[in-house]
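A.B. asks: coords please:
(one chain, ligands or ions: 2)
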Amino acid sequence: MGESGNRRILITGALGQIGMELLDALQTKFGSENVIASDIRDPQDVNDSSFRYERLDVLDSEQMENIIRDNDINEVYHLAALLSATGEKNPQLCWKINMDGLMNVLELARKYKFRIFAPSSIAVFGADVGKIAKQESPLNPATMYGVTKVAGELMADYYHSAHGVDIRGLRYPGLISWKVMPGGGTTDYAVEIFHKAVASEAYTCFVREDTKLPMMYMDDAIKATLQLMDAPSDKLSVRGGYNLPSLTFTAKELYDKIREKIPDFKCEFKPDHRQEYADSWPDETDGTLSKEEWDFSLDFDLESMCDAMIQSLSQ
Ligand code: NAD
Ligand code: SER
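C.D. replies: Ligands and ions are numbered 1, 2, ... in the order given. Here you go, the predicted structure:
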């Protein structure tokens, strides 16, 4: 397949926070008939069946192979994973789903020669990273989720160099979106707070008010994903995960910005176990390389992201 040739796409973990938005974007760009969504859950859970759907546990390599072979798939967006907070509750399961699932996709890519998008995360960084994480900053994660993301990046490099697999990845910051609730991450507070604000309810935020993390509005994340997958392969020096430029604000700054628009909104801060994971991550990510190699820049800042969230959730 050429870089922008006819795409026949499979998304794993498609019913999650990113999957449902990426599904829309890929359907719009390549046609609904060319995109198959899959997940371990049923789509009725999200009240939407306006797409081709296959139930698929990514640990079931045989079923994955059947779907890929029968539909002549030439691109897989591999989103199925356990995120940081859920992963720390059951680290063995986190390792199994995140690593064995990725291995199944990689082995099939070797056989069927399809391209892969497999996201990494800011969770690859650990407490030694400093405030601004660079592309080459040390990767010493504090969570099992982060460990799987570092190992996933290394596997991407290995399958690319040893077997010529065209795999690409992004270190997504915490993603803020309104269509689907996030699935058990540490950055979920930055989404939950909007739902409560728009519903005129108070919110209890599970991190301290001075907690500052790299964040991004979902539209920018989807744009980055499509742009990376359109970039010529020979322009890419990174396979496991490109840093992206990020927004950066404390939980209190986010609260204050929302209160400028919804003055009665009340939020209190009661940190729980997720504070520790947040403390191990940087404040911000430096995305210079994504700009240099495939020309990525953000469209949304804190102000426009808050406006978009509040407007969309209010409708
Ligand atoms: P999510 O939790 O919202 O969705 C993950 C989906 O995977 C869920 O629908 C779940 O049902 C499915 N799933 C779980 N186990 C499965 C299995 N065995 N087989 C098939 N499906 C299974 O997660 P998301 O936020 O959409 O994240 C998608 C990817 O992006 C993950 O790799 C995640 O690490 C990465 N990422 C997300 C963020 C973020 O802020 N959302 C940030 C950085 C990286
Ligand atoms: N948003 C994700 C999490 O908090 C980061 O990868 O787990």
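
A.B. asks: Please make it C-alpha for all contacts and neighbour counts, starting now.
C.D. replies: Fine.

A.B. asks: okay, the residue lying closest to Phe30 once chain neighbours are set aside: pLDDT?
C.D. replies: Ranked by C-alpha to C-alpha, 6 or more residues apart in numbering and with sequence neighbours excluded, the top spatial neighbour of Phe30 is Arg7, at 6.7 Å. At Arg7, the model reports a pLDDT of 96.

A.B. asks: quick one: Arg7 and Val76 touch, right?
C.D. replies: No - Arg7 is not in contact with Val76 according to C-alpha atoms under 8 Å; the separation is 9.9 Å.

A.B. asks: State the helix or strand in which the residue nearest to Phe30 lies.
C.D. replies: Here Arg7 is covered by no helix or strand, with elements defined by DSSP states H and E.

A.B. asks: roughly how far apart are the closest residue to Val207 other than its chain neighbours and ligand 1?
C.D. replies: Among residues not flanking Val207 along the chain, Pro271 sits closest, at 4.2 Å (C-alpha to C-alpha, 6+ apart). When C-alpha to the nearest ligand atom, to the nearest Å is applied, the distance between Pro271 and ligand 1 equals 19 Å.

A.B. asks: so who does Pro271 touch?
C.D. replies: Cys205, Phe206, Val207, Arg208 (C-alpha atoms under 8 Å, 6 or more residues apart in numbering).

A.B. asks: mind checking the SS state of it?
C.D. replies: Here Pro271 is coil, with the state taken from DSSP: H, G, I helix; E, B strand; the rest coil.

A.B. asks: Flag every buried residue along the strand or helix carrying Gly101.
C.D. replies: Using DSSP H and E, Gly101 sits in helix 101-112. Buried residues in helix 101-112, counted by 16 or more other C-alpha atoms under 10 Å: Gly101, Leu102, Met103, Asn104, Val105, Leu106, Glu107, Leu108, Ala109, Arg110.

A.B. asks: can you give me the strands in the stretch 1-150 of the chain?
C.D. replies: Under the criterion DSSP state E, counting those that start in this stretch, the stretch 1-150 of the chain contains strands at 9-12, 35-39, 52-55, 75-78, 115-117, 120-121, 132-133.

A.B. asks: Compare Arg7 and Val76 and say which one has the larger neighbour count.
C.D. replies: For Arg7 and Val76, the more surrounded residue by other C-alpha atoms under 10 Å is Val76, and the numbers stand at 24 against 21.

A.B. asks: That one touches Phe114, doesn't it?
C.D. replies: Yes - here Val76 lies in contact with Phe114, judged by C-alpha under 8 Å, at a distance of 7.1 Å.

A.B. asks: quick one on the thing from earlier: state the mean pLDDT of the helix holding Gly101.
C.D. replies: The predicted model gives helix 101-112 an average pLDDT of 98.

A.B. asks: Check stretch 235-255 too.
C.D. replies: Averaged across stretch 235-255, the pLDDT comes to 98.

A.B. asks: That stretch near ligand 1 at all?
C.D. replies: No - residues of stretch 235-255 contacting ligand 1 under C-alpha under 6 Å from any ligand atom: none, with a closest distance of 10.2 Å.

A.B. asks: Show me which residues of that stretch are buried.
C.D. replies: Buried positions in stretch 235-255, judged by neighbour count with 16+ other C-alpha under 10 Å: 238-255.
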